[in-house]
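[1] Sequence plus predicted model, see below.
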Amino acid sequence: LEILHHQEIDRIEVLFKVGCEAGTYIRKLCLHPQTDIMSNNGIVCASDFFERPSNIYSYGKGKIIKIEPSQTQKFVSPDKLICIETSTGVKIMVTPDHKLFISTKTGYKMKEAQKLKDGDFLVKSLNAPFKSKEYIIADLLDENYLVDQAEIKEECKKAFIEKYGSIREMNRRVKLDRKNFLSNSKNAITIKHLKLAGIYNKVKKRINRFKTQKGKVVKLTKLNKDHFYLMGLLASDGNNTKEKKTKRFTRLKFHNTEVSLINRFVSVYKKLFPSIPISKKELDKGLFQIDTANSLFATICASLGIKSPYKDSDLLPILNAKPSLIKSFLKGYFDGDGTAYFKEKERIRGHYSNIRIYCVSYLNIKRIHQMLLKLSISNRIIDIKSGFRRMYAIEVGDIHSKKKFIKEIGTNHPLKKDYFMNIRNLEGGS
C-alpha cells in the first residue's frame, strides 16, 4: 500500500512522482499491509486503511499535522523486505528504499531503510495524536442480534410504513417477516430491521435491551470499567469461543490459581449480568475455572479483539478505547498474566524491581506496548524463550514509569499489591 500526500522533506513540500512517465510513482512511501497508521479514526492497519481511507497524521512543517490522502495504491510486494527492530522491541517491515526519519547531530533527515545502521536513532514523537473512540454496544454486534425494546420496535414499524406504504409491502420488497410488527406480537426485532428501515444510526445509542438466542434478555447501556477489567482477565488467562452449531461467540472461560481473582471475576460478572448464570469449579488442585454462556458479552469481546484461538486475536480496538477504559483492561490483563518483583540489594544501596506483562502473541504484546505509550508509560518489548513456545513480555521502564503504572493501573492481585507497595515507596528515581 502506498499513501500519497504532500510531505515536507528538507523544508520542501514533495510529492514523490516521476515526471517523465504519467501515473508512475517512486515507491518510497510503501507500507506493509500490517503497518499501523495514525488516522482520524484511531490507529488502523494499512490493509484496512486501503479499504476505508480517512484523514491521517503526518509530519510536516516541523510538526504533526492532519492531512487528507490524495490517493492510495496497492502493489505486489517486492521479493526483498527489511525488518527493523527498535530498542523497545517494535518491529517495522518496509521495502529497502523506504525512507524513514532519523535524528542526527544536524537535525532530522530522511534515510533509506537499507542504509540504516545499528545505533541510528529513528524519530518518535512525544506528542503522538492517539485518538479514542466511544464504542456503542449495537455497533459491536452482528446485524442478526435481537433488540427487545418496544419503543424502538414501534419507530422501526413507522419507518417501514413511511418507506414502503405498509408492512405488507415491506414484506414483499425486503422479504422480512411481518409477524414481528403485529399489534400483539412479542417478538424482538433485529439490528438488520433497523438498518433496512433506515433508522439505525438515529436510534443505535438508545438500544439497551438485547435478547440472546436462548431467550435471555440483557440490559446493557454502555461499556464501563468493570466490563474492560473482565475483558483484560479474559484476554490474559481466558478464552472466548463459539459453541457447536452457533455462528457467534458464546462461551467465556477464565482460569487462574489466585482464589481472590476468581471470586472477584464472579462478583463483578454477577453485578454486570445478573440474569446470566456463571459457574466456578476447581479443575486441578489450586487451578480454578470460571465458565459462562453469554453471547452478548462474548460477541462484544470478539469485536474488540478478544477471541480464541489467540492467532485470530488483535487488541487494536482496545487500544482505540478511552484511556480510562484502557487502564481497566490493563489492570485485568496484568492481574491475569503479569508479574511484579522487588528486592533490596544485599551489598550496596539500591534495589531490583520490575513490572512485566506476558503474551504469546507478538501482535498483542505490541498492542499492550502501544496502550502503555498512550498512557505515557515508558516500556519495551522483550523476547522470551520458554521451552518450545515463543513468548513476549512488556517490561515497564524507569522508576517513574513503574510508579505511574502502579498509580493509574494498579492491581487486585494480593501478592502483586505487596510488591507494588515496596516500589511505590521508593524515593524519587532511585
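    Happy to help now that I have it. Just so we're clear, the structure is a prediction, and the values are computed from it rather than from any experiment. Numbering: from 1, shown residues only.
[2] How about the secondary structure of the closest residue to residue 179 other than its chain neighbours?
    For residue 179, ignoring the flanking residues on the chain, the nearest one in space by CB to CB, 6 or more residues apart in numbering is residue 185 at 6.0 Å. Any C-beta I mention is one placed from the backbone N, CA and C, and that applies to glycine too. Secondary structure of residue 185, reduced to three states by DSSP: H, G, I helix; E, B strand; the rest coil: coil.
[3] Look at residue 185 and say how many residues are nearby.
    By the criterion of other CB atoms under 10 Å, residue 185 has 13 neighbours.
[4] how far away is it from residue 197?
    Using CB to CB, to the nearest Å, residue 185 is found at 16 Å from residue 197.
[5] Any buried residues in whichever strand or helix holds residue 415, and which?
    If you go by DSSP states H and E, residue 415 is part of helix 414-424. Within helix 414-424, the residues scored as buried using 16 or more other CB atoms under 10 Å are 416, 419-420, 423.
[6] List the buried residues of stretch 373-393.
    So for stretch 373-393, counting by 16+ other CB under 10 Å, buried means 373-375, 377-381, 391-393.
[7] go on, stretch 47-55?
    Residues of stretch 47-55 classed as buried: 49-50, 53 (neighbour count, 16+ other CB under 10 Å).
[8] Quote the end-to-end distance of that stretch.
    Length of stretch 47-55, first residue to last, CA to CA, to the nearest Å: 15 Å.
[9] What segments of the stretch 301-430 of the chain are helices?
    With helices called from DSSP state H, counting those that start in this stretch, the stretch 301-430 of the chain shows them at 316-319, 323-337, 362-374, 399-408, 414-424.
[10] tell me which strands and helices the longest one is in contact with?
    Right, helix 323-337. If you count contacts as 3 or more CB pairs under 8 Å, 6 or more residues apart in numbering; DSSP states H and E, helix 323-337 packs onto helix 225-237, helix 316-319, strand 351-359, helix 362-374.
[11] Distance to residue 326 and mean pLDDT for those - can I get that in TSV?
    As requested, those are arranged in TSV below (distance: least, CB to CB, whole Å; pLDDT from 0 to 100):
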stretch	distance to residue 326	mean pLDDT
helix 225-237	8	98
helix 316-319	7	96
strand 351-359	13	91
helix 362-374	5	95
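[12] out of the ones you listed, which comes closest to residue 192?
    Between residue 192 and those, the shortest separation by CB to CB is 22.2 Å, and it involves helix 316-319.
[13] got the contact list for the closest one?
    42-45, 133, 135, 228, 231, 303-306, 325-326, 329, 367, 370-371, 374 (CB atoms under 8 Å, 6 or more residues apart in numbering).
[14] ok so, going back, extract the CA atoms of the helix holding residue 415 and return them as CSV.
    Taking Å, rounded to 0.1, in the frame of the first residue of the first chain, the C-alpha atoms of helix 414-424 are listed here in CSV:
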residue,chain,number,x,y,z
PRO,A,414,-2.7,-9.6,46.7
LEU,A,415,0.9,-10.7,46.2
LYS,A,416,1.4,-8.1,43.4
LYS,A,417,0.0,-5.5,45.6
ASP,A,418,2.7,-6.1,48.2
TYR,A,419,5.4,-5.7,45.6
PHE,A,420,3.7,-2.5,44.3
MET,A,421,3.8,-1.1,47.8
ASN,A,422,7.5,-1.5,48.0
ILE,A,423,8.1,0.0,44.6
ARG,A,424,5.8,2.9,45.3
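[15] Since that was my last question, I'll sign off now.
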